[in-house]
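Asker: Dropping a prediction and its sequence here:
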Amino acid sequence: MNTEQTVSAAVAGLQLGGTFTFDELLRSVQDRRHRRLRVIELADLDTHDGLCALWLATETDDLVLHARTDSTLHRQQFILHELAHMILGHCDGDDCTVDEALLPNIPPYTRGRLLRRQDLDSKTEIAAESLADRLAASIRGSVFAESRYSEVFG
């Protein structure tokens, strides 16, 4: 399956329709994963260091930690990219196992997720960014629908 097919299947699997709100998306991901989802801004995380956001999984929660930015759209893209990894099932199961001796106090699932972050040109990173773009378009579509933007401006 190519990236476009993978992304289209993931969007359809959300069963949210063509447009939805950010909150509806968060609830959907949380329900699908049967885990609490928390999005947390870290003031000390600096995008100049090359890290905009990361997804950490604990025994009971998914945490999306993101850098501070003045741009709402930029922040949303940080978060949507990490949600896309969850939706696409990246690092589910044994995909992200790492030697426990390297980071013994961090769960294997989280260790793998953190250490694979460097390969931005990988198929998983490209698919996550493509899905994040589609999610953003659907969220923008819901904003326009709620504001009657299309009705007024065509």
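Answerer: Received the coordinates, thanks. The structure presented is a predicted model; accordingly, all values stated were derived computationally and were not measured. Numbering: from 1, shown residues only.
Asker: Please identify the buried residues of stretch 132-144?
Answerer: Under the neighbour-count criterion of 16 or more other CB atoms under 10 Å, stretch 132-144 has A132, R134, L135, A136, S138, I139, G141, S142 buried. In short, each C-beta sits where N, CA and C put it, glycine included.
Asker: Show residues contacting stretch 63-75.
Answerer: Stretch 63-75 is contacted from outside by 37-43, 45-47, 51-57, 78-79, 82-83, 136, using CB atoms under 8 Å, 6 or more residues apart in numbering.
Asker: Now, of these, which are buried?
Answerer: Buried, going by 16+ other CB under 10 Å: 37, 39, 45, 52-57, 78-79, 82-83, 136, out of those.
Asker: Confidence-wise, which of these comes last?
Answerer: Note: of these, the lowest pLDDT belongs to L45, at 71.
Asker: mind listing what it touches?
Answerer: For L45, the contact set (CB under 8 Å, 6+ apart) comprises L51, L65, H66, A67, R68.
Asker: sec struct for E41, please.
Answerer: Secondary structure for E41, judged by DSSP: H, G, I helix; E, B strand; the rest coil, is strand.
Asker: Give me the distance between it and G141.
Answerer: 25 Å (CB to CB, to the nearest Å).
Asker: just C91 next, same as before
Answerer: Relative to G141, C91 is positioned 29 Å away (CB to CB).
Asker: In the protein, where is pLDDT below threshold?
Answerer: Scanning the chain with the threshold set as pLDDT under 70 gives 46-50, 92-121, 144-154.
Asker: which residues sit against the longest helix belonging to it?
Answerer: Identified as the longest helix of the chain according to DSSP state H is helix 123-146. For helix 123-146, the external contacting residues (CB under 8 Å, 6+ apart) are 3-4, 6-7, 10-11, 16, 18-22, 24-25, 73, 76-77, 80-85, 87-88, 90, 116, 119, 149-150.
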